[in-house]
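Trainee: Below are the sequence and a predicted model for it; my questions follow.
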Amino acid sequence: MPGRATRDTRSRWSALPLHPLLFAAFPVLFLFAQNAVQQVTLDPLWLPLGASLAAAGGALAAGAALLRDWRRGAILAGVLVVLFFSFGHVWNVARESHGLTERTPLVAAYAAIALGALALTWRDGRWVVPATQAANLVAAILLAFNLVRVGEFAAGSLPGVASASASTAAISLHVPDGGRRPDVYYIILDRYSNAETLDRIYGFDNRPFLDALEQRGFTIAEDSWANYFKTSLSLVSSLSMEHLNGQALKNGGSPSFEPLHRALREQLAVPATLKALGYEYIHIANTWEPTATNVDADRVLRWSEGSEFSAAVLSTTAWSLTEPWVAPTEPEDLGEGVGPPELLRSHTLYQLDRLAETAGRPGPTFVFAHLLLPHSPWRFNADGSFPTPEEVAGRTRDESYLEHVRFTNDRMLAILDRLLDTPPGEEPVIILQADEGEFPIEFARNQVRFDWLKATPDQVQHKFGILNAFYLPGVDPAAAGVYDRITPVNAFRIVFNAYFDAGLPLLPDATYLSPDYYRMFDFVEYERPPAEP
């Protein structure tokens, strides 16, 4: 009978041992879907997804060989896949809800479940087919919801997606008679606070580093503040040389960093203008996807052994057992990292080495480097060595931050010496700048709901006071517009005016507070107290 044949065919298909592959794909797609607004393309998805499917396929084949049955082998493999991918999540819940400080009890429980699954699947029975069908159904449903979300991302239709409303057009400039096209370095030191913040909040005297910069010819904007409270806002603004249009960014949708993240990978006024002047654009990539590349870059220098998303996937699995864990000393450190510190350490060292190697390239060169320094996770001691878990646990968050500041200072001075080792008249332009300051403790604990309109003056100083230093060879910095309160939005207006007669007016050096993440584009200008004479 046709109806019975159809049911039999459907039953056979539903009993195919596919669920280990589906269960392996689910956590990767789930994590990507949950963090879609932090991504720019689907590229970070493919490596962890492919690796997960390959590993699940291997587990399926091994289980089938061991039990001499594909369906029972799939059930065993499916249990192992779920255990592997759930370990990090369950550990986080157990740690935060029940105060566990050792992973041994959880490992023992997981081992018992795995042995129980082996005992259950060792013998065949009538339960195998319905269990396979049920596992396939559950896995397919879990996968479907996340595939929809990823599909929306791929189609560019996520809620809240809008244009970044930033200037992308190249400015028409020329090299004046007798002028030159100096190499231009834009080096972002993520969360590097200015001297006042380091002194007032951390009790740290950064004067020796600033003096060393000045001895090399840098001008320090001593009282510089960021224009915005987060990296993507700040960099889109500085690279477009414009203040952001909050209404255009909202575009009638829910607030999201996604349009800004996309904008950072697309054409922006500063690199586009320099490209039009004949510059080669070298982009020293970050693990953070928005600054991992740029459409205008001639060369992208990227450490290829991992990405932030791949590291995040691994950190939620049993693979995290390969990394020692020590309880953090302060609750705001939880979840603040961007993956295993070893990965980011290797990538940061790669960035620093490549930055130094760009010195003395032929022809005019624009180099952009976004460095996650002194940004966490804590992966450097002041001398450059890798801190042990015990060292990190024995320090406060502020102490770890200062270890990173000291390391950054030493490495940057060495790199700057290489960049400045040029014949007279061939010195580069260098902007050494932070995108934002370090997080006040209260903001680190509750980034989404922290209300900046109710922040104390110290909290605002902590978040917005930034390092901002200019090396402008052959130019009077003060006459060009550099002063103590210059902000990043005007950095390249100053450079283009000084070297290419751009005639660009300097914009107000304003700092804009965002009430919170849900109102991130409701910019409110902060009224700073008058500068002390």
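Mentor: Perfect, thanks for sending it. As the structure is a computational prediction, the values presented were derived from the model and not from experiment.
Trainee: Only C-alpha atoms from now on, for both contacts and neighbour counts.
Mentor: Will do.
Trainee: how about stretch 232-249: buried residues?
Mentor: Residues of stretch 232-249 classed as buried under the neighbour-count rule (16 or more other CA atoms under 10 Å) are 232-244, 246, 249.
Trainee: Next, the distance between the ends of it.
Mentor: 12 Å (CA to CA, to the nearest Å).
Trainee: for it, what is the average pLDDT?
Mentor: Mean pLDDT, computed over stretch 232-249, is 93.
Trainee: now the helices for the stretch 101-250 of the chain?
Mentor: 104-121, 128-155, 195-202, 207-215, 231-240, 246-250 (DSSP state H, counting those that start in this stretch).
Trainee: Return the most buried member of those.
Mentor: Using mean count of other CA atoms under 10 Å, the stretch among the helices of the stretch 101-250 of the chain with the greatest mean number of neighbours is helix 231-240 (a mean of 24).
Trainee: starting at the chain centroid, how far to that one?
Mentor: Helix 231-240 sits 14 Å away from the centroid of its parent chain (CA atoms, centre = their mean, to the nearest Å).
Trainee: and if you look at stretch 186-194?
Mentor: 14 Å.
Trainee: just stretch 269-276 next, same as before
Mentor: With CA atoms, centre = their mean, you get 24 Å for stretch 269-276.
Trainee: List the buried residues for that stretch?
Mentor: Ala269, Val270, Pro271, Ala272, Thr273, Leu274, Lys275.
Trainee: Just the ones in helices from those residues, please.
Mentor: Members of the buried residues of stretch 269-276 lying in helices (criterion: DSSP state H): Ala269, Val270, Pro271, Ala272, Thr273, Leu274, Lys275.
Trainee: Now tabulate these in TSV and tack on pLDDT and distance to Glu214.
Mentor: Converted to TSV, these look like this (pLDDT from 0 to 100; distance: CA to CA, whole Å):
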residue	pLDDT	distance to Glu214
Ala269	95	29
Val270	97	26
Pro271	96	27
Ala272	95	30
Thr273	96	29
Leu274	96	27
Lys275	95	30
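Trainee: Pick the one among those residues closest to Ile75.
Mentor: Pro271 (53.7 Å; CA to CA).
Trainee: pretty sure the closest one contacts Asn294?
Mentor: No: taking CA atoms under 8 Å as the definition, Pro271 is not a contact partner of Asn294, at 9.4 Å.
Trainee: Can you tell me which of the buried residues of stretch 232-249 is nearest Ser320?
Mentor: Nearest to Ser320 out of the buried residues of stretch 232-249 is Ser232 (CA to CA; 29.1 Å).
Trainee: hang on, the earlier thing: quick one, which of the helices of the stretch 101-250 of the chain is nearest to Leu66?
Mentor: With distances scored as CA to CA, the stretch of the helices of the stretch 101-250 of the chain nearest to Leu66 is helix 104-121 (10.0 Å).
Trainee: Just the CA atoms of the closest one, as CSV, please.
Mentor: Output in CSV follows, covering the C-alpha atoms of helix 104-121 (Å, rounded to 0.1, in the frame of the first residue of the first chain):
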residue,chain,number,x,y,z
THR,A,104,37.5,17.1,39.5
PRO,A,105,33.9,16.4,40.7
LEU,A,106,32.4,17.5,37.4
VAL,A,107,35.0,15.4,35.4
ALA,A,108,34.1,12.4,37.6
ALA,A,109,30.3,12.9,36.9
TYR,A,110,30.9,13.3,33.2
ALA,A,111,33.0,10.1,33.2
ALA,A,112,30.3,8.2,35.0
ILE,A,113,27.7,9.4,32.4
ALA,A,114,30.0,8.3,29.5
LEU,A,115,30.5,4.8,31.1
GLY,A,116,26.8,4.6,31.6
ALA,A,117,26.2,5.3,28.0
LEU,A,118,28.7,2.7,27.0
ALA,A,119,26.9,0.1,29.2
LEU,A,120,23.5,1.1,27.8
THR,A,121,24.6,0.8,24.2
